[in-house]
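**Q** any chance you can model this:
(one chain, ligands or ions: 1)
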Amino acid sequence: VRCLGIDLGGTTIDWVVLDADDDAGVVARGGEETRAERGPDSVIETIAAIARSAVDEHGIVGIGLGMPGPLDLERGRAVFVANMPGWADFPIVERLERGTGQTVALLNDARAFTLAELRLGAGQGVSDLIGVTLGTGVGGGIVVGGRLLLGLNGTAGEIGHQTLDPAGPRCACGNTGCLEQYASGPAIARAAGLATAAQVVEAARAGDARARAVLAQAGAYLGIGIANVALAVAPELVVVGGGVSAAGELLLEPACAELRRRLTVMPAERIRLVPAALGRDAGAIGAALWASRHRRDVDMVRGAAHQRRGRTTEARCSAQPNSEA
Ligand SMILES: [Zn+2]
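**A** Numbers count the residues shown, from 1 in each chain. Model (predicted):
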């Protein structure tokens, strides 16, 4: 079964066609500019065009759409999307299904990342893990017993919005002192007085003491945030991805040290903190996996309904001789 996975971001739309059977693999990949300023109708049309050519060329049978922001999975809409005006409450799933004739499964992008790393990346074979994405925001996903945790309307895993300091800076989500205010790309850039987190990493690699200290501080906050979630999940593995994770050890070493220092009540030395393995494709791969799972679930529901109908007929047939007797 081949599915199309879309990773919709503020600047690019990355996509993969994934063969989602047992030896899952990427069959094709590509990317387009989002042109978010043109509004959701135009972006949906760009995605629909990608999907139509994926149907023609690869025979895909489902679309997974990963995108940022708190989503309303039940209604197939976004609650709000930072940096993409006009997306709040836009009927994303409905429009894309109408434009493609395909089933569309929606998922938060960090959850898609986590699912991809679990199935095909750094988390293969692991039962309990936490996925963290560090970029414009801080996203997350939680896997317990080998299954991605969705929780209430798919919102489980919003670890970037846990409170680290009640008196901290106001977050875009409305809360104050969220992890995102200390460990996201913009937060790191702001703390170092530079334009981007990539510049901070570059300066740190060149030996700049302030840049190194800023990354160490962001890493420590990240470690506290992960420790808080670990207390609830007790994961074997924490997978860290997203653009800012390119800082590598400059960020992950202090995060790991802080994690171990904070976790006094569990075998913290057995929790591995590793960089993501799938790189840029992770979000799109996870979205494609989500589409194939969604398809299976739909098939299962149909199968169960079919079986129920079968049983009803059977019962009626066998009831007949009994009633005559
Ligand atoms: Zn927040």
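
**Q** Q124: how many residues sit nearby?
**A** A total of 10 residues lie near Q124 under the criterion other C-beta atoms under 10 Å. To be clear about C-beta, it is placed using only N, CA and C from the backbone, and glycine gets the same treatment.

**Q** that one contacts L118, doesn't it?
**A** Yes. Under the criterion of C-beta atoms under 8 Å, Q124 lies in contact with L118, with a separation of 7.3 Å.

**Q** tell me how many other residues surround the residue of the stretch 201-325 of the chain found nearest the ion.
**A** Among all residues of the stretch 201-325 of the chain, G225 sits closest to the ion, at 11.5 Å; criterion: C-beta to the ion. The number of residues packed near G225 is 29, by other C-beta under 10 Å.

**Q** please, which helix or strand holds it?
**A** helix 209-233 (DSSP states H and E).

**Q** and that helix, what does it pack against?
**A** Identification of packing neighbours for helix 209-233 by 3 or more C-beta pairs under 8 Å, 6 or more residues apart in numbering; DSSP states H and E yields strand 129-134, strand 138-144, helix 180-183, helix 185-192, helix 197-205, strand 237-241, helix 249-262.

**Q** ok, now with 10 Å
**A** strand 129-134, strand 138-144, helix 180-183, helix 185-192, helix 197-205, strand 237-241, helix 249-262, strand 272-275 (3 or more C-beta pairs under 10 Å, 6 or more residues apart in numbering; DSSP states H and E).

**Q** and these as JSON lines, adding mean pLDDT, mean neighbour count and distance to S292?
**A** Formatted as JSON lines, the helices and strands packed on helix 209-233 follow (pLDDT from 0 to 100; neighbours: other C-beta atoms under 10 Å; distance: least, C-beta to C-beta, whole Å):
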{"stretch": "strand 129-134", "mean pLDDT": "98", "mean neighbour count": "29", "distance to S292": "19"}
{"stretch": "strand 138-144", "mean pLDDT": "97", "mean neighbour count": "26", "distance to S292": "17"}
{"stretch": "helix 180-183", "mean pLDDT": "98", "mean neighbour count": "27", "distance to S292": "30"}
{"stretch": "helix 185-192", "mean pLDDT": "98", "mean neighbour count": "21", "distance to S292": "31"}
{"stretch": "helix 197-205", "mean pLDDT": "98", "mean neighbour count": "20", "distance to S292": "33"}
{"stretch": "strand 237-241", "mean pLDDT": "98", "mean neighbour count": "26", "distance to S292": "21"}
{"stretch": "helix 249-262", "mean pLDDT": "97", "mean neighbour count": "19", "distance to S292": "31"}
{"stretch": "strand 272-275", "mean pLDDT": "97", "mean neighbour count": "17", "distance to S292": "25"}
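
**Q** out of the ones you listed, flag the one nearest W87.
**A** Comparison of the helices and strands packed on helix 209-233 against W87 by C-beta to C-beta identifies strand 138-144 as nearest, at 16.3 Å.

**Q** convert the C-alpha atoms of that closest one to PDB, please.
**A** Once non-C-alpha atoms are left out, strand 138-144 reads as follows in PDB (Å, rounded to 0.1, in the frame of the first residue of the first chain):
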ATOM      1  CA  VAL A 138       9.100  23.000  20.500                       C
ATOM      2  CA  GLY A 139       6.900  20.000  19.600                       C
ATOM      3  CA  GLY A 140       6.600  16.500  20.900                       C
ATOM      4  CA  GLY A 141       5.100  13.100  20.700                       C
ATOM      5  CA  ILE A 142       4.800  10.200  23.200                       C
ATOM      6  CA  VAL A 143       4.800   6.500  22.500                       C
ATOM      7  CA  VAL A 144       3.700   4.100  25.200                       C
END
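
**Q** sheet partners, orientation included, of that strand?
**A** Each strand that pairs with strand 138-144, with its direction, by DSSP bridges: strand 129-134 (antiparallel), strand 147-148 (antiparallel).

**Q** okay, those strands in TSV with distance to the ion next?
**A** Conversion of those to TSV gives the following (distance: least, C-beta to the ion, whole Å):
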stretch	distance to the ion
strand 129-134	14
strand 147-148	22
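
**Q** redo those strands as a markdown table? Include distance to A257.
**A** Supplementary listing: these in a markdown table, determined by distance: least, C-beta to C-beta, whole Å:
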| stretch | distance to A257 |
| --- | --- |
| strand 129-134 | 16 |
| strand 147-148 | 28 |
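
**Q** so which of those strands gets nearest A291?
**A** When these are compared by C-beta to C-beta, strand 147-148 sits nearest A291, at 13.6 Å.

**Q** give the contact list for G248.
**A** V201, R205, L215, V240, P275 (C-beta atoms under 10 Å, 6 or more residues apart in numbering).

**Q** next up, the contacts around the first one.
**A** For V201, the set of contacting residues under the criterion of C-beta under 10 Å, 6+ apart consists of 185, 188, 192, 194, 211-212, 214-215, 243-244, 246-248, 250-251.
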